[in-house]
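S.K.: What shape does this take:
(one chain, ligands or ions: 2)
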Amino acid sequence: MPAATPRTPPEPVIDVAALERCLLPPGRAWTLPVDAYTSAGVYALEVEHLFKKQWLCVARVDQVPQAGSYFSVDLLGHKLVIVRDRDGEVRCLSRICMHRASEIVKGAGRKSLLSCPYHEWSYALDGRLVSVPMLDGTEDFDKKTCQLPSYRVEVWGGFIFVNFDRDASPLASQLEKGFSAFHAPYQFDELVIAGDYIEYDSPYNWKILVENFMEAYHHIGTHKDSLLQHFPVEKAYVPDNHNQPWSILAMPHSDEGEWEAVFPAIETLTDWRREGIVASLVAPFNMFAMVSDSLFWYQVLPLAHDRFTLRIHPCVPRSTAKRDDLAAGMEKINAFITALHDEDHQANLDVWTGMTSHDFRQGRLTRHEDSIWQMNQWWCARIMPNVA
Ligand code: FES
Ligand SMILES: [Fe+2]
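M.R.: Ligands and ions are numbered 1, 2, ... in the order given. A predicted model of the protein is given here:
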């Protein structure tokens with residue numbers, strides 16, 4: 001039998017005329033063309049030009065509370081460990097041993113040294129190789145050549161972000177114009193993770209989730225029996241994002257009825273935020289949903305163009321976390337979030353059915369989807385810079 005000819009991966013297929021329709025002003029613009037969602041080649045471009053160049057949220061500072069606390073994260077093929085070093089600095093290191101590639105730590109815990117279980121090579125909490133057993137007879141061994149690779153870390157509002165690009169502009173500078181001020185009343189620094197995350201295996205393109213998260217238009221369909229009565233589409237608005245890689249969807253409460261929160265509202269919420277909800281995105285896929293008493297961090301772990309894992313992490317203010325009724329309250333909150341996401345999950349699967357059919361090329365956006373428009377401008381500028 002003749003040997004199989006190796007196949008080269010298909011080139012990304014992007015229709016330039018269709019992309020130009022995305023770049024029309026809000027109110028006239030179209031969605032991204034369907035290939036932006038269904039092509040493995042486009043996904044490869046996204047990994048290279050978006051995911052590995054942007055800040056990706058991986059944990060909260062309260063998950064590494066003390067010197068030596070660590071927390072494992074798998075992201076984009078990297079096996080990482082988030083660790084707080086002796087000076088209190090949060091670091092992101094590879095957790096793969098520089099000797100013969102064993103995994104040094106698993107899960108979460110606390111250690112003064114990161115010691116590999118295979119042959120006991122030990123690394124300091126900043127990734128320096130500090131001890132190697134039985135080196136007698138081994139020549140020309142320089143510990144400095146065997147340090148654990150480290151990646152950039154930035155903490156914003158108590159969330160730990162990592163970036164694989166050494167030249168990326170600081171996250172704080174990307175968020176300072178508009179985003180940080182808008183979120184200040186929620187006091188992100190005061191939040192803590194409140195219990196286990198809710199996980200969804202999501203067999204569809206990641207942008208379908210982001211787009212669903214960032215518009216209230218679907219309240220009239222998907223959430224007509226749940227969110228619509230409280231958060232009508234007409235009241236929702238999207239502030240200018242100053243061409244920065246973020247978007248905000250503000251959803252004030254309807255003039256009728258009341259929003260019954262489970263826990264007392266965050267004290268510094270004094271305006272419409274006391275009853276309203278907010279969905280925020282830090283591109284490409286760091287998502288935060290805020291209600292008056294809690295926040296949900298939606299973490300996307302991309303796997304392929306047609307699959308990702310979603311983890312929804314509930315967070316509450318430190319003062320709420322100390323309450324005796326925390327567990328009972330969280331059960332209610334998590335049941336509410338799960339019911340909502342079950343509705344969204346089905347909606348997203350239905351969209352994927354359409355996108356993978358031969359019947360859809362590109363859709364037309366309305367003014368109720370301006371966050372999608374904002375993100376499409378950003379996406380085109382990075383994926384197709386010659387067009388945007
Ligand atoms: S693989 Fe880690 S010490 Fe050998
Ligand atoms: Fe939704």
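S.K.: OK, contacts around residue 364?
M.R.: With contact taken as Cβ atoms under 8 Å, 6 or more residues apart in numbering, residue 364 is in contact with 30-31. Backbone N, C-alpha and C define where each C-beta goes, glycine included.
S.K.: Please repeat the previous calculation with a cut-off of 6 Å.
M.R.: By Cβ atoms under 6 Å, 6 or more residues apart in numbering, the residues touching residue 364 are residue 30.
S.K.: Could you check how far it is from residue 149?
M.R.: Computed with Cβ to Cβ, to the nearest Å, the distance linking residue 364 and residue 149 is 45 Å.
S.K.: Check residue 212 too.
M.R.: 35 Å.
S.K.: got it, and residue 242?
M.R.: Residue 242 is 34 Å from residue 149, by Cβ to Cβ.
S.K.: Centroid-nearest residue for this protein?
M.R.: With the centre of the chain defined as its mean C-alpha position, the nearest residue by Cα atoms, centre = their mean is residue 286, 2.6 Å away.
S.K.: about what we covered before: more neighbours: residue 212 and residue 149, which one.
M.R.: Of the pair residue 212 and residue 149, residue 212 is the one with more neighbours under other Cβ atoms under 10 Å, namely 20 against 12.
S.K.: Next secondary structure element downstream of the host helix or strand of the more buried one?
M.R.: Here residue 212, judged by DSSP states H and E, is contained in helix 206-213. Sequence-wise, the next helix or strand downstream of helix 206-213 (DSSP H and E) is strand 246-251.
S.K.: Low-confidence stretches in the stretch 1-150 of the chain?
M.R.: Applying pLDDT under 70 to the stretch 1-150 of the chain flags the ranges 1-13.
S.K.: where does the closest residue to the residue nearest to the centre of the chain other than its chain neighbours land in three-state SS?
M.R.: Excluding the flanking residues, the one nearest residue 286 by Cβ to Cβ, 6 or more residues apart in numbering is residue 57, at 4.3 Å. Following DSSP: H, G, I helix; E, B strand; the rest coil, we place residue 57 in the strand state.
S.K.: Could I get the buried residue list for the helix ranked longest in the chain?
M.R.: Ordering each helix of the chain by length in residues (DSSP state H) puts helix 326-355 first. Residues of helix 326-355 classed as buried: 329-330, 333-334, 337, 340-341, 343-345, 347-348, 351-352, 355 (neighbour count, 16 or more other Cβ atoms under 10 Å).
S.K.: swap in stretch 187-206?
M.R.: For stretch 187-206, by 16+ other Cβ under 10 Å, it's 187-188, 190-195, 198, 200, 202, 204-206.
S.K.: so which of these comes closest to residue 118?
M.R.: Distances from residue 118 to these, taken as Cβ to Cβ, are shortest for residue 193 (31.3 Å).
S.K.: My read is that that closest one contacts residue 60, right?
M.R.: Yes. Under the criterion of Cβ atoms under 6 Å, residue 193 makes contact with residue 60 at 5.2 Å.
S.K.: quick one: common contacting residues for these two?
M.R.: In contact with both residue 193 and residue 60: no residue, using Cβ under 6 Å, 6+ apart.
S.K.: Can you pull the residues of this protein lying near ligand 1?
M.R.: Residues of the chain that fall close to ligand 1, judged by Cβ under 6 Å from any ligand atom: 97, 99-100, 102, 116, 118-119, 121.
S.K.: Can you pull the phi/psi pair for the residue of the chain most remote from its centre?
M.R.: What lies farthest from the middle of the chain is residue 137; by Cα atoms, centre = their mean that is 48.1 Å. When read as degrees, to the nearest 10, the backbone of residue 137 gives phi 90, psi -20.
S.K.: So which residues make contact with stretch 256-274?
M.R.: By Cβ under 6 Å, 6+ apart, the surrounding residues in contact with stretch 256-274 are 185, 187, 230, 252-253, 275, 292-293, 317, 320, 329, 332-333.
S.K.: Which stretches in the chain count as helices?
M.R.: Assigned by DSSP H, the helices in the chain fall at 16-22, 35-38, 40-46, 171-175, 179-183, 206-213, 318-321, 326-355, 370-383.
S.K.: Please convert those to JSON lines, extending it with distance to residue 107.
M.R.: Formatted as JSON lines, the helices of the chain follow (distance: least, Cβ to Cβ, whole Å):
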{"stretch": "helix 16-22", "distance to residue 107": "42"}
{"stretch": "helix 35-38", "distance to residue 107": "34"}
{"stretch": "helix 40-46", "distance to residue 107": "29"}
{"stretch": "helix 171-175", "distance to residue 107": "27"}
{"stretch": "helix 179-183", "distance to residue 107": "31"}
{"stretch": "helix 206-213", "distance to residue 107": "25"}
{"stretch": "helix 318-321", "distance to residue 107": "22"}
{"stretch": "helix 326-355", "distance to residue 107": "22"}
{"stretch": "helix 370-383", "distance to residue 107": "34"}
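S.K.: about what we covered before: so the residue nearest to residue 286 is in contact with residue 160, correct?
M.R.: No. Residue 57 is not in contact with residue 160 according to Cβ under 6 Å; the separation is 7.1 Å.
S.K.: which residues does the residue nearest to residue 286 form a beta bridge with?
M.R.: Here residue 57 sits in beta bridges with residue 161, going by DSSP bridges.
S.K.: Count the residues that sit near it.
M.R.: Around residue 57 there are 22 residues (other Cβ under 10 Å).
S.K.: again, but for the one 5 residues further on
M.R.: The criterion is other Cβ under 10 Å. On that basis, residue 62 has 15 neighbouring residues.
S.K.: One more: residue 385?
M.R.: Neighbourhood size, residue 385 [other Cβ under 10 Å]: 9.
S.K.: Next up, the contacts around it.
M.R.: By Cβ under 6 Å, 6+ apart, the contact set of residue 385 is empty.
S.K.: now do residue 278
M.R.: Counting by Cβ under 6 Å, 6+ apart, residue 278 makes contact with 250, 290.
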